[in-house]
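Engineer: Pasted the sequence and its predicted model underneath.
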Amino acid sequence: MSNTTKSILTLLLGSALALPIGADARPQSFHHARGSTLALRLADRFSEVTVPARHQPRRGKTAHQRPLLDTSSTIIDEPDADPTLYGTRVRGTNDTGQLSGQYVDSSGAFHAFIATPNGNSFTYTPITVKRNDTFGFLLNEKGAMFGSYDEKHSGIENSWIRQPNGKLEIVALPEGPGGTIIQGLNNKGVATGNYFDANGAFRGFLRDKQGHVTDFDDPLAGSGENQGTNPIGINDSGEISGIVFDSNDVAHGFIRHAGDGSFVEYDVPDAGSAPGQGTLGLEIENDGWITGAYVDANNVSHGFLRDPDGNILAPIDPPDMGTNPFQGVVGVEHLEKGWAVGEYIDQDDVLHGFLCKKCETAERKIVEFDAPGAVDTFNVLSSNRQHQIVGSFHDENGIRHGFIRNP
């Protein structure tokens, strides 16, 4: 992959290429994250500290969340997170108000967590896979959650699913010597994602609730390093949305149909066609709407929606987004009852959140926001039917916190 391609993916996908690697970082898993949309969602997960001996956190803790000065938002700090190290990241929520994310404890170990509402507080359940650094991603409406972990001996990154009853399932496909990454989990327990073959190319897979796996490759997929098929989202009908990187390192959106496994590829009309440019499909909602982003010929990123009939609504751009190369919309990440949420990079290369009201219509209104006290706001990936938006931010000391933005 060319340097141009890598630099553009650093913008749009939060590539680990631009991030310092801490003493606990595994270069191999770092490398594998860089070409996928998951990279932004997992970017800067490493603590950049020297890691002493591990310890296991307490189980089933309950803690009150201290409110921010702006009472429309609530700060989220996992009780075992060391406030002088990495802190806490929140990535997901569901309609019951559960939260998903990760934190670093005082020994420098990474743990995923689920936080379940308990009156005016949350009960936190840490998740750690075999004493490995464990990273948390999203959860579905049933309370099943998924994430990844680094094998401490090999440095390979594989995935896990935690069922609502607490059962932990490891997902490490033998076809993927370079690791296995789950990117989406629907409400029926069906997961999709990618694994990395011996060439470092993305290969797509579908995993049913019983653990049966179906491999697939989009017909446009290249076979070189950081090329291939990268599924991102799956709806309850089993339709999959994602990104296919072709042999020229250009990105295209794709849909894989549930019935016959056929593919539909698409491009936003204003997407660029040079290496590292193109169209990135993200989530697919149950009604068939798709969220995403595209990089234009000037290497500026913009948001888009695709309706069930294939019509593209673009650009969806916050007014204060940057318009220089490697700036713009990171992604329209999630669509819920006409509300879409996402992140953008401004003229000063600072990340902020946004929500788009009536986003499926010409009357859409974009509201930019930051968590109060934030130096930047990121990981704005998820909202629920109550229009609560969750994400993460850095404070003035560089420590991460999660937040809930209430409507």
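Structural biologist: Sure, I can see it. Everything numeric in this text was worked out from a predicted model, so none of it was measured.
Engineer: Tell me the spacing between Pro164 and Gly92.
Structural biologist: 14 Å (CB to CB, to the nearest Å). In short, each C-beta sits where N, CA and C put it, glycine included.
Engineer: Neighbour count for the two, which is higher?
Structural biologist: More crowded of Pro164 and Gly92, by other CB atoms under 10 Å: Gly92, with 25 against 14.
Engineer: so the more buried one sits right up against Ser100, yeah?
Structural biologist: Yes. Look at Gly92 against Ser100 with CB atoms under 8 Å: they come within range, at 4.0 Å.
Engineer: Then Leu335 would be within a strand, right?
Structural biologist: Yes. Counting by DSSP: H, G, I helix; E, B strand; the rest coil, Leu335 is located in a strand.
Engineer: count of neighbours near it?
Structural biologist: Using other CB under 10 Å, Leu335 has 23 other residues around it.
Engineer: In space, what's closest to Asn286 - neighbours in sequence excluded?
Structural biologist: Distances taken as CB to CB, 6 or more residues apart in numbering put Asn235 closest to Asn286, at 4.8 Å, once the chain neighbours are dropped.
Engineer: quick one, what contacts that neighbour?
Structural biologist: By CB atoms under 8 Å, 6 or more residues apart in numbering, the contact set of Asn235 is 186, 284-286, 288.
Engineer: repeat that for 10 Å
Structural biologist: 184, 186-188, 190, 241, 258, 283-290 (CB atoms under 10 Å, 6 or more residues apart in numbering).
Engineer: Could you confirm Glu343 falls within a strand?
Structural biologist: Yes. The assignment for Glu343 is a strand, going by three-state DSSP.
Engineer: which secondary structure element contains the residue nearest to it when sequence neighbours are not counted?
Structural biologist: Once flanking residues are discounted, Glu343 sits nearest to Val330: 4.3 Å by CB to CB, 6+ apart. In the assignment (DSSP states H and E), Val330 maps to strand 328-336.
Engineer: intersection of neighbour lists for Gly92 and Ser100?
Structural biologist: 114, 136-140, 145-146, 381-382, 390.
Engineer: Figure out the length between the terminal residues of stretch 131-147.
Structural biologist: One end of stretch 131-147 sits 15 Å from the other (CA to CA, to the nearest Å).
Engineer: quick check: mean pLDDT across that stretch?
Structural biologist: Average pLDDT, stretch 131-147: 97.
Engineer: How about stretch 395-402?
Structural biologist: 94.
Engineer: And it, what's buried?
Structural biologist: Going by neighbour count (16 or more other CB atoms under 10 Å), the buried part of stretch 395-402 is 395, 399-402.
Engineer: mind exporting that stretch as CSV, just the C-alpha atoms?
Structural biologist: Presented in CSV, the C-alpha positions along stretch 395-402 are these (Å, rounded to 0.1, in the frame of the first residue of the first chain):
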residue,chain,number,x,y,z
ASP,A,395,-9.5,16.1,29.3
GLU,A,396,-6.8,18.8,29.6
ASN,A,397,-4.5,16.2,31.2
GLY,A,398,-4.8,13.8,28.2
ILE,A,399,-6.9,11.3,30.2
ARG,A,400,-9.9,9.6,28.5
HIS,A,401,-13.4,9.6,29.9
GLY,A,402,-16.6,8.3,28.6
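Engineer: distance between that stretch and the chain's centre?
Structural biologist: Relative to its chain's centre, stretch 395-402 lies at 19 Å (CA atoms, centre = their mean, to the nearest Å).
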